[in-house]
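Peer 1: give me a model of this one.
(2 chains)
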Number of protein chains: 2
Amino acid sequence: MAGRSERKVLALSGGVGGAKLALGLAQELAPQALAVLVNTGDDFRHHGLHISPDIDTLLYTLSGRSNREQGWGLEGESWQVREALSALGVDTWFQLGDRDMATHLLRTGLLDEGQLLSAVTHRLASAMGIATTILPMAEEAVSTVVHTDEGDLPFQHYFVRRRCEPAVSGFSFRGLERARPPAPLQQLLASGAVATVVICPSNPFVSIDPILGVPGLWQQIAALQVPVLAVSPIVGGRAVKGPAAKMMAELGLPVDAAAVVRHYRQRYPGLVTHFVLDREDADLAETLRSGADDHIVVHDTLMQSLDDKRRLAQSVLQEARW
Amino acid sequence: MAGRSERKVLALSGGVGGAKLALGLAQELAPQALAVLVNTGDDFRHHGLHISPDIDTLLYTLSGRSNREQGWGLEGESWQVREALSALGVDTWFQLGDRDMATHLLRTGLLDEGQLLSAVTHRLASAMGIATTILPMAEEAVSTVVHTDEGDLPFQHYFVRRRCEPAVSGFSFRGLERARPPAPLQQLLASGAVATVVICPSNPFVSIDPILGVPGLWQQIAALQVPVLAVSPIVGGRAVKGPAAKMMAELGLPVDAAAVVRHYRQRYPGLVTHFVLDREDADLAETLRSGADDHIVVHDTLMQSLDDKRRLAQSVLQEARW
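Peer 2: A predicted model of the protein is given here:
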């Protein structure tokens, strides 16, 4: 096992909700003690550019440049390109800010040169002054497809273009069966340095499932025999952010944190050692504990201020006896 | 043969110099009476975007939006994306303006959808309110390679990144042997409507040769049996714009309009019916006439103002008995 100074937390994250806790962890830990494994099922090509929305959210959040009010993109963004696209009659449903565009251009150019997404992500993180490791879940393209009453929709079309309005009946992840954990992730997992795994409060179905669906990955994480803590993104029967609650209702699931716990327990048996629910859901915790091997703990999980984020990170690390 | 009202001028053009005469022709003729066939050997992928510098110059010139002072790009351009790229540590040797970027994004997105470059160019021209037909010389990718004392350089690396400094020993056009005239060009040539062909004062080696090098094209133009007028880009032993004169010196050619005439005569025997030289080169015209089947005519060929462009267009059309 690695010495205490080399121990690392591996956090699994989708976009905004997960990035909040990742930021809290990055601030509580030495930045090098954190690695964030990020969903790339939302990635897509748009106007020829390779866009990785969740990686970008991590990059912008951890570099302190995210637009917190808007919930996506960069603070102080300008929109010259978008205006010029509109003037050319283009439907600019996916909003490309000028500074955001630079991220996509650099990424796409490097990928076109044959670099791997993990190397490109490392280059972007370095350029933004981020010491935390940000890893894509796979080098290969994986595409989340949302099955809806309007047919199968690529994730960004469902999420941005159709504003999550179509009713969801399920998901598939094209290319996931051929995906492999990136070499830096394999090295990290083999190093013995990962002492805690945190599943951030991201959407279980379209953010965490694609990551844990990389063939062999969740079993490899379970085999580490370290605390694996999952923070529920559902609080008091509502999704803190995004369409998770709406999806659960459409999938016929109860819309509460207990359904999240059951989803993870059924899909990845034995993986999660601690489920972190909000204090508001303390009553659910009680019933979930009955006969279970895992721990159900309650904390304040809503993260608005930076202090909130650090406090939840502290709570999670304490539960893991970090 | 087409009736007078359907007659068309087909102009062959590279970038800035050619676009000036194309603009003059567009203003002298009904816009629909002009089709411009444009070099795409300069096209390249940059940061994942498909950039067609000469087509863009035509689009921006004919839509009245070109930055005339700068000689490239758009008037009133902003540079937010370039600044953001620089902040990410990217060498921004090819300057991508924000509004220019929208052109590349739209083009790349449509090409990625499987549309042909001619259709994409038509869409861009329509979006910019251009009634003149702008045609790429080929749908397929053709890449001009400049052989220099620093090795083989892709055209934009030679032209922009190395500012034409390396000494040139020759050119090749990758992919040209497999290129085919786009369907709209084939239809135009087969229609009987092309009554005059104008070879604009563009660089003979890297703008006009790639166009006329599309297999079968120059012979097809010659077979039209219509006036084909070539305007010399060399005036008084200097290139009006760009590296043509420097290239000629490095290739061991005399740097004068006579060498341009000989280049076209040798490479495309019988194609050009009228060579248009500047008045300054009237003495060269005299010697070039001896024993030749083609006509050597002199006019004012320098185009600074819009009036200059229209006057040269008038002169060319008069020589063609339009």
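
Peer 1: what's around the residue nearest to A:Ala313 when sequence neighbours are not counted, how many residues?
Peer 2: Nearest in space to A:Ala313, with sequence neighbours left out and distances taken as Cβ to Cβ, 6 or more residues apart in numbering or on different chains, is A:Gly24 at 3.4 Å. C-betas here are computed from N, CA, C, even on glycine. Here the count is done by other Cβ atoms under 10 Å in any protein chain shown, and A:Gly24 has 26 residues near it.

Peer 1: which residues in chain A form strands?
Peer 2: When assigned using DSSP state E, the strands of chain A occupy the ranges A:8-13, A:34-38, A:44-46, A:49-51, A:133-136, A:143-148, A:151-154, A:168-174, A:194-199, A:228-231, A:234-235, A:238-239, A:274-278, A:295-299.

Peer 1: tell me the strands beside the fourth one, with direction?
Peer 2: Sheet partners assigned to strand A:49-51 using DSSP bridges are listed as strand A:44-46 (antiparallel).

Peer 1: A:Ala282: how many residues sit nearby?
Peer 2: When counting by other Cβ under 10 Å, one arrives at 11 neighbours for A:Ala282.

Peer 1: what mean pLDDT does stretch A:33-43 get?
Peer 2: Averaged over stretch A:33-43, pLDDT sits at 97.

Peer 1: same thing with stretch A:234-249?
Peer 2: Averaged across stretch A:234-249, pLDDT comes to 93.

Peer 1: and what of stretch A:301-315?
Peer 2: Over the span of stretch A:301-315, the pLDDT mean works out to 97.

Peer 1: show me how far that stretch is from its chain's centre.
Peer 2: The chain centroid and the centroid of stretch A:301-315 are separated by 17 Å under Cα atoms, centre = their mean, to the nearest Å.

Peer 1: likewise for stretch A:65-77?
Peer 2: On the basis of Cα atoms, centre = their mean, stretch A:65-77 is displaced by 17 Å from the centre of the chain it belongs to.

Peer 1: stretch A:122-140 now?
Peer 2: Between the centre of stretch A:122-140 and the centre of its chain there are 14 Å (Cα atoms, centre = their mean).

Peer 1: what's the span of it from first residue to last?
Peer 2: One end of stretch A:122-140 sits 16 Å from the other (Cα to Cα, to the nearest Å).

Peer 1: give the buried residues for that stretch.
Peer 2: In terms of neighbour count (16 or more other Cβ atoms under 10 Å in any protein chain shown), stretch A:122-140 has its buried residues at A:122-125, A:127-128, A:130, A:132-140.

Peer 1: what of stretch A:59-70?
Peer 2: A:59-63, A:65-66.

Peer 1: what do you get for stretch A:80-96?
Peer 2: Burial within stretch A:80-96, assessed by neighbour count using 16+ other Cβ under 10 Å, is assigned to A:80-85, A:88, A:90, A:92, A:94, A:96.

Peer 1: try stretch A:147-166
Peer 2: If you call a residue buried by 16+ other Cβ under 10 Å, then stretch A:147-166 has these buried ones: A:147-148, A:153, A:155-160, A:164, A:166.

Peer 1: circling back to that earlier point, show me what contacts the residue nearest to A:Ala313?
Peer 2: Residues counted as contacts of A:Gly24 (Cβ atoms under 8 Å, 6 or more residues apart in numbering or on different chains) are A:303, A:306, A:308-314.

Peer 1: from these, list the buried ones, please.
Peer 2: With neighbours counted using 16+ other Cβ under 10 Å, those contain these buried positions: A:303, A:308-314.

Peer 1: now do the helices in the stretch 201-322 of chain A.
Peer 2: Secondary structure of the stretch 201-322 of chain A, counting by DSSP state H, counting those that start in this stretch: helices at A:209-212, A:217-222, A:244-250, A:257-267, A:282-289, A:306-319.

Peer 1: and A:Gly73, what are its phi and psi?
Peer 2: Phi and psi for A:Gly73, reported as degrees, to the nearest 10, are phi 80, psi -170.

Peer 1: and the pLDDT at it?
Peer 2: At A:Gly73, the predicted lDDT confidence score is 89.

Peer 1: contacts for stretch A:60-72?
Peer 2: By Cβ under 8 Å, 6+ apart, the list of residues contacting stretch A:60-72 from outside reads A:15-16, A:19-20, A:22-23, A:26, A:36, A:53, A:57, A:73-75, A:77, A:125, A:128-130, A:132, A:134, A:241.

Peer 1: are any of those buried, and which?
Peer 2: Buried residues within the contacts of stretch A:60-72, defined by neighbour count using 16+ other Cβ under 10 Å: A:15-16, A:19-20, A:22-23, A:26, A:36, A:53, A:57, A:73-74, A:77, A:125, A:128, A:130, A:132, A:134, A:241.

Peer 1: hmm, back to that, from the contacts of stretch A:60-72, which land in helices?
Peer 2: Judged by DSSP state H, the contacts of stretch A:60-72 include A:16, A:19-20, A:22-23, A:26, A:53, A:57, A:125 as members of helices.

Peer 1: mind giving me CSV with those residues and columns for distance to A:Glu6?
Peer 2: Converted to CSV, those look like this (distance: Cβ to Cβ, whole Å):
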residue, distance to A:Glu6
A:Val16, 30
A:Ala19, 25
A:Lys20, 26
A:Ala22, 20
A:Leu23, 22
A:Ala26, 17
A:Pro53, 32
A:Thr57, 28
A:Ala125, 20
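
Peer 1: of those residues, which one scores lowest on pLDDT?
Peer 2: Summarising pLDDT for the ones in helices among the contacts of stretch A:60-72: the lowest-scoring member is A:Val16, with 90.

Peer 1: alright, I will stop here.
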